[in-house]
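*Asks:* Next comes the sequence, and after it the predicted model I'd like to discuss.
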Amino acid sequence: MCPQRCNCDSSRTMQCYRVLAIPTNIPATIEKLYVSHSKMRHLQFSGFSEMQGLEELVLFSSGIETIENNMFKAMNNLKMLEIWNNRLTTIPRSLPSTLEVLKLGDNSIPSLNHQDFVGLTKLKVLEVQNNLLNTLSFEIFSPLGNLQTLILDGNGMHTITGVARLPNLKYLNMENNKLMFFYENFFAHFPSLQYLRLAGNQFVKVPPRLPKSLLSLRLERNLIKSVSIRDLKQLENLFDLNLSGNQLFSADGLQVVTNLTSLDLSKNQLSAIPQKLPSKLQRLDYSNNQVSRVTEKDMRDLTNLKHLFLDNNGMIVFEDKSLQWCVRLSNLAMEQNLLTSIPLGLPFTLTRLDLKGNKIDHVGVHDVKHLNQLQVLNLRNNKLTSIGDKVLESLPRLRHLYLDGNPWNCTCSLLTVRRLLLEKGTDIKEGECAEPPYCRGERWMSSNSMLRQCETSYTFDKGKESKKKLKVPEVSNGKPYIDDDEDYDYDTEY
């Protein structure tokens, strides 16, 4: 029989909610026990005395403050122990040597000691994030020779000392602490480290002598001002580097990271794109910097680039054909700049083009005629007053068109554009008419005033404005319902 306030999905798995203690009549066959949102200040051995076959124990958000000594010692089959989002101030004593996963995040543990991990030679995953660890000596991890994942983020740590050789460690997360430096040979003891997360600390430079095994390095939201060849020359296997949200004014050492495919330099103080970037780059985020000008020379070597973000740079000049060598580019975002026209010679491989928030006042066929693959075009919040139907005919695969926030002059020529958009089934956010006065404030895809004014001189098939074509769920006062969602996710997987 399944205990009260518990669900028994099978004879081996049990989930209990809002209990005051571990149920005493749990079947001996149970291998996985999950207890959550309960009130159990103290855990006692008596609650687990009959569960010798337990392999996974999860105690989530249950108010646990203390645990009886040696409570888990007799559980010779326990492989995974999670006691997270509770009120623990110490790590449970005498944990079974069979443990492979230990998760103690979101508690109130102020320190870790060597005896906490003695005998845990099979442990592969250790998580102690969001606790109260101000200082930490890595010597306490010496018994954990098989450790692969170590997560220590969100503790407020300001000092790391000591040495522990962890030959199998692959993932190390110490984000959102107060770390300023590591001693020079700290990372020499992690020869297999592949993923290092150090975002949200106080580093003023890239930590020294990082292991060549690294594949991904996250250093966003620190205080780094420059990146040199010396910092990165050994990272020959690195493919992902994030330096967003630092104080970079120079990034000239990146060319040595030859296998880099993703680079995030957004939210810094860079005034130009480095002319020597790794040629294998597929994703480059240079948004929120101070790049006023982009030239063909800046982008010449980036033949593998697929995603380029240049938003919020105060960019005035984007030279024509600057991207002519970017023959694989599919996503280009240049919103919130000072461009007055769509740059000429954009790659025909583009599927998304975001120019929101510029000063573009005209779009001609010559601007877009080669963009046969374009599916998303965002021209919100520019200076457009009109757009020709020939422009849309030049974009055979267009599926999403964003034109709102422009001062539209709703003359009869827009009826042709309206009809074409309906025929193509394009998802359109068209914006409101600014002129002429008789239809000011109306959305031009549904303006009855514009239709009445033009119908004497323009033949228009009203049948094409059916509710189905307009995708209108309901009509009120002659105006269709319009989705006012202002957001569209332009970032894509790569």
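*Replies:* Perfect, I can see it now.
*Asks:* just checking, what's the longest helix in this structure?
*Replies:* In the chain, taking DSSP state H as the definition, the longest helix is helix 413-424.
*Asks:* tell me the mean pLDDT over that helix?
*Replies:* Summarised as a single mean, pLDDT over helix 413-424 is 88.
*Asks:* ditto for stretch 362-380
*Replies:* Averaged across stretch 362-380, pLDDT comes to 95.
*Asks:* can you give me the strands in the stretch 351-494 of the chain?
*Replies:* Under the criterion DSSP state E, counting those that start in this stretch, the stretch 351-494 of the chain carries strands at the ranges 352-354, 376-378, 400-402, 408-409, 427-429, 433-435, 475-476, 479-480.
*Asks:* Not counting its own residues, what contacts the fifth one?
*Replies:* So that's strand 427-429. Strand 427-429 has contacts (C-beta atoms under 8 Å, 6 or more residues apart in numbering) with Arg380, Arg399, His400, Leu401, Tyr402, Leu403, Asp404, Leu421, Met445, Ile482, Asp483. Every residue, glycine included, has its C-beta placed from N, CA and C.
*Asks:* May I have the strands that pair with it, each with its orientation?
*Replies:* strand 400-402 (parallel) (DSSP bridges).
*Asks:* go on, the fourth one?
*Replies:* Take DSSP bridges as the rule and strand 408-409 pairs in its sheet with strand 433-435 (parallel).
*Asks:* Over to the second one?
*Replies:* Each strand paired with strand 376-378, and its direction, by DSSP bridges: strand 352-354 (parallel), strand 400-402 (parallel).
*Asks:* Any chance of those in CSV with mean neighbour count and mean pLDDT as columns?
*Replies:* As requested, the strands paired with strand 376-378 are exported to CSV (neighbours: other C-beta atoms under 10 Å; pLDDT from 0 to 100):
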stretch, mean neighbour count, mean pLDDT
strand 352-354, 22, 98
strand 400-402, 20, 96
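*Asks:* Export these as JSON lines, with columns for distance to Arg218.
*Replies:* As requested, these are exported to JSON lines (distance: least, C-beta to C-beta, whole Å):
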{"stretch": "strand 352-354", "distance to Arg218": "25"}
{"stretch": "strand 400-402", "distance to Arg218": "31"}
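*Asks:* What residues are bridge-paired with Glu127?
*Replies:* Lys103, Ile151.
*Asks:* what's the spacing between it and Tyr171?
*Replies:* 11 Å (C-beta to C-beta, to the nearest Å).
*Asks:* which one of these two has more residues nearby?
*Replies:* Glu127 (20 against 16; other C-beta atoms under 10 Å).
*Asks:* show me what contacts the more buried one?
*Replies:* Trp84, Leu102, Lys103, Leu104, Gly105, Thr149, Ile151.
*Asks:* Leu59 versus the fourth one, what's the distance?
*Replies:* According to C-beta to C-beta, Leu104 and Leu59 sit 10 Å apart.
*Asks:* Select, out of the strands of the stretch 351-494 of the chain, the one closest to Ile229.
*Replies:* strand 352-354 (33.5 Å; C-beta to C-beta).
*Asks:* Give me the contacts around the closest one.
*Replies:* With contacts defined as C-beta under 8 Å, 6+ apart, strand 352-354 is touched by 311, 330-335, 342, 346, 371, 374-378, 490, 492.
*Asks:* Show me how to select, in ChimeraX, the buried members of these.
*Replies:* The buried residues among the contacts of strand 352-354 can be selected in ChimeraX (16 or more other C-beta atoms under 10 Å) with this line:
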select :311,330,331,332,333,334,335,342,346,371,374,375,376,377,378,490
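*Asks:* quick revisit: any shared contact partners between Glu127 and Tyr171?
*Replies:* Thr149, Ile151.
*Asks:* In the chain, mark out all the helices, start to finish.
*Replies:* Counting by DSSP H, the helices of the chain are 229-232, 296-299, 365-368, 389-393, 413-424, 448-454, 467-470.
*Asks:* Turn those into a markdown table, including distance to Ser94.
*Replies:* Listed next are those as a markdown table, based on distance: least, C-beta to C-beta, whole Å:
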| stretch | distance to Ser94 |
| --- | --- |
| helix 229-232 | 44 |
| helix 296-299 | 60 |
| helix 365-368 | 70 |
| helix 389-393 | 72 |
| helix 413-424 | 70 |
| helix 448-454 | 79 |
| helix 467-470 | 69 |
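*Asks:* Fine by me, thanks again.
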